[in-house]
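Colleague: here is the input, now give the coordinates:
(2 chains, ligands or ions: 2)
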Amino acid sequence: MHSLKDYLRLYFIIETQYIKARMQYRADFIISSIGMFFSSLATLGIFWVILGSIPDLAGWSFMQLVFIYGFYMIAISPMQILFDHIWQIRFHVQQGTFLKYYFRPLNMMFYYMSEMFDIKGLTQLAAGIVILIYASIRLDLDWTLPRVALLLLTLFSASLVQISITVLAGCAAFWVLDAYPVLGLAWKLREFAPYPMNIFDGAFRFTFTFIIPLGFVAFYPSQLFLQPEDVSSLVYFSPLVGVGLFALTYWVWTKGVNSYTGTGS
Amino acid sequence: MSLIHIKDLTKHFKILNRREGLSGAFRDLFSGNYRTVEAVAGVSFDIEAGEIVGYIGPNGAGKSTTIKMMTGILKPTGGMLQVNGLMPYDNRIRQAQIMGVVFGQRTQLWWDLPVIESFKILKEIYKVDQKMFDRHMDMFNELVGLKALYSQQVRTLSLGQRMLCDISASFLHNPQVVFLDEPTIGLDISIKAKIRSVIKELNREHNTTIILTTHDLGDVEALCQRIIIIDKGKILYDGDIKRVNALFGAYRTLKLQIDDFTAATLQTLTGKLTEKFGAEHGISIAETEELWTDVTIDQARTPLSDVLNFVMSNFGVDDVRIVEISMENVVRKVYDGALK
Ligand SMILES: Nc1ncnc2c1ncn2[C@@H]1O[C@H](COP(=O)(O)OP(=O)(O)OP(=O)(O)O)[C@@H](O)[C@H]1O
Ligand SMILES: [Mg+2]
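Modeller: Numbering: from 1, shown residues only, chains lettered A, B, ... in the order given. Ligands and ions are numbered 1, 2, ... in the order given. Purely as a prediction, here's the structure:
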């Protein structure tokens, strides 16, 4: 069978081809990348205008909010770049084109997701990195090597949270005829992720912490860097939440794949 | 031990009577409102390495469902199913390595990539070594002129070209068994002929076992030594093609559009034909589509031209077509005891 190294190599080969194919439509490629960059900045702009006028929000200074926002943009990028094909799952399941993913000696989630590589997500990632660096300079954060390692770990976990929430919602397609509202809802909800959870009232905060754990996409993990001396114990779970949630997602995906009966003929 | 061993295999689909909308979707999650379809209802056969088997039957007979079980997509409801000694559903990844699959009109190549890149990716997926890859690509080139299509995006291929590419691709990793579900559907005569010869060559090259479903009896005649006829999930016939060939090879269906067609016309026609050709005429008559009357003739007993002349001189006929016997008619004849 295939080792991790085989999979990485295969992924590289497939995506290189996809990028090459996209590059043939150079104008389309450049315009959509630029578009993505500016739309990332535009959402930040709105954020900036709304929050810039308030000195602090539930105890968070504006620059701290910008840091959380940068963290958020980085954390949602892997979903965008690597797992974007989840948006087509309803189509594949209903049209029966999903069948082909069973025929290769590959992990099916890998094979399915490898069919799309959203290169414009890279510009969002870049924008997120710029914003995070800018905010941490302004906040005068002290980046020692262990703290950088912790940042990478928490970003990894946070992106797994975002991936899991979206892919889980997409998996609904295996059981319901029209899974689009479920996926659409999950996607809309992510817009709550860059806000401090303590601005939400109890029910919402509970939901975003324990049920649809959007708080772990940006806010909770950011606290490790913004207020390291004063964090709730929840925050220390943030690296685990991502891994646990992804394991659950993979389990549900496998269930879905195993129970899929295809379309007739 | 046979390459494929199937005993009393069944597959039942539970069909949920689904509801609309988001709230309907949520209610569906907990609903118990099912009906059951027995798509495969107790099927047994063994297939040896190197055989080309035609798996045929009318629409909805259970052919694709059987193939989906053999390829590890569907879990059988009951019975025994082994391919190369293993249960496909429980060993999907391992089994995929020894199988090739082509499913009707749905391509498995990478839609947005040039043809050659699909083959290169498959080479990596199946770990085909360079020597075998080169040899196979040369062979595909010889058989289907693949080279001319190398740089074309899969999405721009015609249906026939794509099918040729898909079939070639399914043989790239030298699988032990290849499943072809309706490989000639929607193609014209010349591409069909090409596909048949390609399949034959590929089977000969490595003695690859091939299981093929089709509605075109010409495919079966050209390719298979053995056929399995299935209807309503049950096997009607499993054996040498020669006996069946004699059956449908000699039959032709005369499609007639008769002037002033009324309810009584069929009876009049039957009566007159019996009068003319005797009781053992081997002719059966049915009204299939609106205005069209099908007269199926066993040419071993009554020449088609005689029937045509007779009908033309006794009835006003607007239009005539002559077609090979349909799958449905073959199945009906088998039910009627034609192979006993
Ligand atoms: N995923 C499914 N869910 C529910 N019922 C199904 C499913 N797939 C097939 N069936 C039913 O099972 C029966 C057999 O279908 P199958 O696709 O195996 O027929 P087939 O012999 O391949 O027909 P065709 O020649 O039209 O392709 C049909 O009655 C079909 O409606
Ligand atoms: Mg079918």
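
Colleague: every contact and neighbour count from this point should use C-alpha atoms.
Modeller: Fine.

Colleague: grab the most central residue of chain B for me.
Modeller: Centroid-nearest residue in chain B: B:Thr214, 1.6 Å away (criterion: Cα atoms, centre = their mean).

Colleague: can I get stretch B:250-259 in PDB, CA atoms only?
Modeller: Provided in PDB are the C-alpha atoms of stretch B:250-259 (Å, rounded to 0.1, in the frame of the first residue of the first chain):
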ATOM      1  CA  ALA B 250     -31.500 -15.900 -36.100                       C
ATOM      2  CA  TYR B 251     -34.200 -13.600 -34.800                       C
ATOM      3  CA  ARG B 252     -35.000 -10.200 -36.400                       C
ATOM      4  CA  THR B 253     -37.700  -7.800 -35.400                       C
ATOM      5  CA  LEU B 254     -39.700  -6.200 -38.200                       C
ATOM      6  CA  LYS B 255     -41.100  -2.900 -37.000                       C
ATOM      7  CA  LEU B 256     -44.100  -1.800 -38.900                       C
ATOM      8  CA  GLN B 257     -46.200   1.300 -38.900                       C
ATOM      9  CA  ILE B 258     -49.600   0.100 -40.200                       C
ATOM     10  CA  ASP B 259     -52.200   2.400 -41.700                       C
END
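
Colleague: tell me which residues in it are buried?
Modeller: B:251-258 (16 or more other Cα atoms under 10 Å in any protein chain shown).

Colleague: and which of those is nearest to B:Asp294?
Modeller: Nearest to B:Asp294 among the buried residues of stretch B:250-259 is B:Lys255, at 4.7 Å by Cα to Cα.

Colleague: what strand or helix carries the closest one?
Modeller: Using DSSP states H and E, B:Lys255 falls within strand B:251-258.

Colleague: redo the buried residues of stretch B:250-259 as a markdown table? Include distance to ligand 2 and pLDDT.
Modeller: As requested, the buried residues of stretch B:250-259 are arranged in a markdown table below (distance: Cα to the ion, whole Å; pLDDT from 0 to 100):
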| residue | distance to ligand 2 | pLDDT |
| --- | --- | --- |
| B:Tyr251 | 25 | 79 |
| B:Arg252 | 25 | 81 |
| B:Thr253 | 24 | 84 |
| B:Leu254 | 27 | 85 |
| B:Lys255 | 26 | 87 |
| B:Leu256 | 30 | 86 |
| B:Gln257 | 31 | 86 |
| B:Ile258 | 34 | 83 |
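
Colleague: how about CSV for these, with distance to A:Leu10 added?
Modeller: Output for those, formatted as CSV (distance: Cα to Cα, whole Å):
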residue, distance to A:Leu10
B:Tyr251, 53
B:Arg252, 53
B:Thr253, 53
B:Leu254, 56
B:Lys255, 55
B:Leu256, 58
B:Gln257, 59
B:Ile258, 63
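
Colleague: those into a markdown table, with extra columns for distance to ligand 1?
Modeller: Below are the buried residues of stretch B:250-259 laid out as a markdown table (distance: Cα to the nearest ligand atom, whole Å):
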| residue | distance to ligand 1 |
| --- | --- |
| B:Tyr251 | 21 |
| B:Arg252 | 21 |
| B:Thr253 | 21 |
| B:Leu254 | 23 |
| B:Lys255 | 23 |
| B:Leu256 | 26 |
| B:Gln257 | 27 |
| B:Ile258 | 30 |
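
Colleague: tell me which of these is nearest to chain A?
Modeller: B:Thr253 (26.6 Å; Cα to the nearest Cα).

Colleague: list the contacts of that closest one.
Modeller: B:294-297, B:322-325 (Cα atoms under 8 Å, 6 or more residues apart in numbering or on different chains).

Colleague: so what's the residue count around B:Pro303?
Modeller: 13 (other Cα atoms under 10 Å in any protein chain shown).

Colleague: ok, it - contacts?
Modeller: Per Cα under 8 Å, 6+ apart, neighbours of B:Pro303: B:Ile297.

Colleague: could you redo the last one with a cut-off of 7 Å?
Modeller: Applying Cα atoms under 7 Å, 6 or more residues apart in numbering or on different chains to B:Pro303 gives no contacts.

Colleague: distance of it from B:His281?
Modeller: Applying Cα to Cα, to the nearest Å, the value for B:Pro303 to B:His281 is 10 Å.

Colleague: could you do B:Gly186 as well?
Modeller: 35 Å.

Colleague: of those two, who's got more company?
Modeller: B:His281 (18 against 13).

Colleague: tell me the SS of the more buried one?
Modeller: For B:His281, the assignment made with DSSP: H, G, I helix; E, B strand; the rest coil gives coil.

Colleague: for whichever residue of the stretch 201-340 of chain B sits closest to chain A, phi and psi?
Modeller: Per Cα to the nearest Cα, B:Thr213 is where the stretch 201-340 of chain B lies closest to chain A, at 11.0 Å. Dihedral pair for B:Thr213: phi -110, psi 150, per degrees, to the nearest 10.

Colleague: ok, it touching B:Leu180?
Modeller: Yes. Using Cα atoms under 7 Å, B:Thr213 is in contact with B:Leu180, at 6.4 Å.

Colleague: which parts of stretch B:225-243 are buried?
Modeller: B:226-238, B:241.

Colleague: what's the answer for stretch A:27-44, then?
Modeller: Buried-residue list, stretch A:27-44, by 16+ other Cα under 10 Å: A:29, A:32-33, A:36-38, A:40-41, A:44.

Colleague: how many residues are close by A:Pro194?
Modeller: A:Pro194: 24 neighbours (other Cα under 10 Å).

Colleague: in this structure it contacts A:Ala218, no?
Modeller: Yes. The pair A:Pro194 and A:Ala218 passes the contact test of Cα under 7 Å, sitting 5.9 Å apart.

Colleague: any shared contact partners between the two?
Modeller: Contacts common to A:Pro194 and A:Ala218, judged by Cα under 7 Å, 6+ apart, are A:68, A:72.

Colleague: burial count for the closest residue to ligand 2 within chain B?
Modeller: Taking Cα to the ion, ligand 2 has its nearest neighbour within chain B at B:Ser64, 4.1 Å off. Residues within reach of B:Ser64, counting by other Cα under 10 Å, total 22.

Colleague: so it sits in a helix?
Modeller: Yes. Looking at B:Ser64 with three-state DSSP, it is inside a helix.
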